[in-house]
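1. here is my input; please provide its structure:
(one chain, ligands or ions: 1)
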Amino acid sequence: MRVMIWCDMEGISAITRWDQCTAGAAQYEEGRRLYTADVNAAVRGARKGGANHIVVVDGHGAGADHSFNSWIKEDLEPGAEYVFGHRWSSYVDPLRDESLDAMLFVGAHSMAGTPDGVLSHTVSSLSWHAVQINGKPAGEIAMMSAVAGSFGVPVVYVSGDRAAVREARALLGDSLMATETKIGLGRFSARCLPPCDSRKRIEMDVAEALRKRDRWPAAYVPGTSVELGVELTSPDKVADYRNKTGVEITGPRNVVSRASHYWQAWDQFWRG
Ligand SMILES: [Zn+2]
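-> Residues are numbered from 1 along each chain as shown. Alright, predicted model coming up:
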């Protein structure tokens, strides 16, 4: 079985603060250890569940040279390949070229504005206020699921706080296997298991998710005509999206990208 694991930091066991997720901050080294250990647990689970081709991608923008590059390399679990330094939600080569069976998300967080979502945000807490896919509110879980879905690959497992799991199941269905790493008590506080217990659950749940193929949700495809709308936090931010093919500025701080499938709509935001 061939799988890809996209990882983020905010939904990792026992992480509740930006300080744990931001390069150079006092608690970042602790955050990196927690992040690496949850990812390792997922890789062990994937191997147990029958995966023999595992590509793991760091999708957390920690800042500067640590963006998409937070794991402690020395400690990474053997038996997988790891991708560092690639822009968020954009490393699609395996989805396109390697006949993947499934996508898994580790460390996911809920969309901007979720009251009980630990470190909730969508793409950028400073520049992005809200996202809609075909008029429906969307967070990173929907956005990443739609990227995988553009290549026919289903998301079959999610780990994250309770709000992230709820958001994923609302999108992909209640049969989605998931691990709640913590229960948010607000944006910066959570009721947590000790990380060692949480990792055991991740390992077990990932293995079960891969074994129970009949429970897999369908690949998430928002439609054959996709409108990806972004409400930015302030009008100066729209400058980054001018003169891009398929992208229209529709309001003082609103941009829309239109395409026949999600990957194209997403990708053209970043092209010149
Ligand atoms: Zn992140």
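2. and the contacts of stretch 190-201?
-> With contact meaning CB atoms under 8 Å, 6 or more residues apart in numbering, stretch 190-201 is reached by 13-14, 16, 34, 37-38, 40-41, 118, 161, 179, 181-185. C-beta here means a position set from N, CA and C on the backbone, and glycine is covered the same way.
3. just the buried ones from those?
-> 13-14, 16, 34, 37-38, 40-41, 118, 161, 179, 181-184 (16 or more other CB atoms under 10 Å).
4. now, which of those lie within strands?
-> 161, 179, 181-184 (DSSP state E).
5. that older thread, nearest to the ion, of the buried ones among the contacts of stretch 190-201?
-> Val118 (11.5 Å; CB to the ion).
6. could you measure from the closest one over to Thr245?
-> 37 Å (CB to CB, to the nearest Å).
7. same for the longest helix anywhere in the chain, what does it pack against?
-> Looking across the chain with DSSP state H, the single longest helix is helix 28-48. On a contact count with 3 or more CB pairs under 8 Å, 6 or more residues apart in numbering; DSSP states H and E, helix 28-48 meets strand 2-7, strand 53-58, strand 102-108, helix 195-211.
8. looking at the ones you listed, which is nearest to the ion?
-> The nearest among the helices and strands packed on helix 28-48, by CB to the ion, is strand 102-108 at 7.5 Å.
9. show me how far that closest one is from its chain's centre.
-> Distance of strand 102-108 from the chain centroid (CA atoms, centre = their mean, to the nearest Å) equals 6 Å.
10. by contact count, what packs against it?
-> Strand 102-108 packs on strand 2-7, helix 28-48, helix 140-150, strand 155-161, helix 162-172, helix 195-211, going by 3+ CB pairs under 8 Å, 6+ apart.
11. many thanks, we can stop here.
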